[in-house]
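[1] When you get a sec, could you give me coordinates for this:
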Amino acid sequence: MSLHRVVWHLVGVIVSVVSAQAWGQSWPVKPVRMILSQPAGTSVDISARLIADRLGRDWGQQVVVDNRPGGQNVVGSQAAARASADGYTFFYATTAALVINPLTFKALPYDVERQFVPVGLVAKSPLVLATHVGVEAKSLAELVQLDRQAPGKLAIANEGPRTFGGMVSAMLNHATGMKLLQVPYPGVPAAIQDTVAGRTQAVLVSSAAIQPFVKRGELRGIAVSLGKRVVGLEDLPPIGEAYPGFEYVGWFAVMAPTGTPIDAITKFNRDLNRVLAETEVAQRLRDLGALPEPGPVEALSAFLIDEKARWQKVVATLSMTPE
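    Predicted structure coming up:
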């Protein structure tokens with residue numbers, strides 16, 4: 001971070017401390033808003049509403065999920081960045097909004113490092129690599145071998161080259177040496193349906209989206225992008241077992257506009273962690289393909305630094321230039 005940004009953040013911290021001292025333990029005394037850059041009905045949206053409902057009950061105040069989809073998460077991110085730092089507006093942020101967009105866009109109407117401060121990591125959402133049931137490959141090793149017999153013949157569906165899933169799909173080719181034809185789709189449902197139909201031979205999308213198709217036998221799951229086995233999909237090995245270092249997962253975290261009172265951030269983090277530890281909430285998140293990740297604010301700060309470095313390497317490896 002530049003000297004300018006260090007000074008900017010120090011000023012923000014001082015203001016926040018003063019504000020927190022004035023607040024005492026009263027927060028929240030009115031409804032809280034969480035801006036989400038995804039549309040209603042998505043797994044991220046459902047998880048946000050689950051968390052909002054539980055926190056609202058604990059706080060005795062409504063927690064409203066404010067959907068602001070569009071522009072590859074840019075619309076919602078900009079709205080959150082420009083929101084008042086009064087402790088009543090937060091950002092339920094995604095990997096794309098906080099890490100990928102700043103690396104792949106030439107210019108953004110928001111600045112992650114300058115305009116947001118961390119509150120808490122919510123969950124990680126791994127991707128699942130699956131194939132059409134007619135593909136003669138029941139493991140990643142067999143898929144690699146099949147591809148080598150006819151490079152470029154097998155097609156893999158994803159959401160496009162500059163999306164989270166598309167970039168991971170391209171990294172799969174890089175790590176394994178495969179030449180899978182990357183086929184972009186406007187959304188996950190279309191990518192899955194074309195693979196079920198056999199128009200593409202493989203698909204790499206979130207576990208939440210693909211689990212029902214795997215469980216019904218419409219697709220064959222063969223691997224996950226997390227570095228360990230996934231609850232509910234324990235029979236699928238991590239790609240990283242065969243290709244060390246391959247670990248790319250989506251995630252969502254709560255952020256706040258810079259200058260938000262520390263009292264509000266501290267209490268939000270504490271109560272969020274308590275909610276994530278509840279058996280019912282944790283199971284519901286796992287049903288959505290998300291693995292709860294409670295932890296202190298400092299843990300999220302370190303995580304974001306690591307994720308930025310990880311995705312900088314991806315962008316460099318794929319020779320991507322900001323557009």
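[2] where exactly do the helices run in the stretch 101-250 of the chain?
    In the stretch 101-250 of the chain, the helices defined using DSSP state H, counting those that start in this stretch lie at 101-104, 112-115, 140-149, 164-176, 188-197, 207-215, 239-242.
[3] What ranges in the stretch 1-150 of the chain fall below the confidence cut-off?
    1-25 (pLDDT under 70).
[4] which residues touch N101?
    N101 makes contact with 72-74, 77, 108 under the criterion Cβ atoms under 8 Å, 6 or more residues apart in numbering. To be clear about C-beta, it is placed using only N, CA and C from the backbone, and glycine gets the same treatment.
[5] related to what we said a few turns ago, format the helices of the stretch 101-250 of the chain as CSV; extra columns: distance to L300.
    Converted to CSV, the helices of the stretch 101-250 of the chain look like this (distance: least, Cβ to Cβ, whole Å):
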stretch, distance to L300
helix 101-104, 17
helix 112-115, 13
helix 140-149, 31
helix 164-176, 18
helix 188-197, 26
helix 207-215, 22
helix 239-242, 23
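[6] so which of those helices comes closest to D86?
    Taking Cβ to Cβ, helix 112-115 is the member of the helices of the stretch 101-250 of the chain nearest to D86, at 14.8 Å.
[7] what's the closest one packed up against?
    Judged by 3 or more Cβ pairs under 8 Å, 6 or more residues apart in numbering; DSSP states H and E, the packing partners of helix 112-115 are helix 3-23.
[8] Check what contacts the very next helix or strand once past the helix it packs on and list those residues.
    Next in sequence after helix 3-23, counting helices and strands by DSSP states H and E, comes strand 32-36. By Cβ under 8 Å, 6+ apart, the surrounding residues in contact with strand 32-36 are 44-45, 48, 52, 55-56, 59, 61-68, 76, 79-80, 83, 88-92, 254.
[9] go again using 7 Å as the cut-off
    With contacts defined as Cβ atoms under 7 Å, 6 or more residues apart in numbering, strand 32-36 is touched by 44-45, 48, 52, 61, 63-68, 76, 79-80, 83, 88-92.
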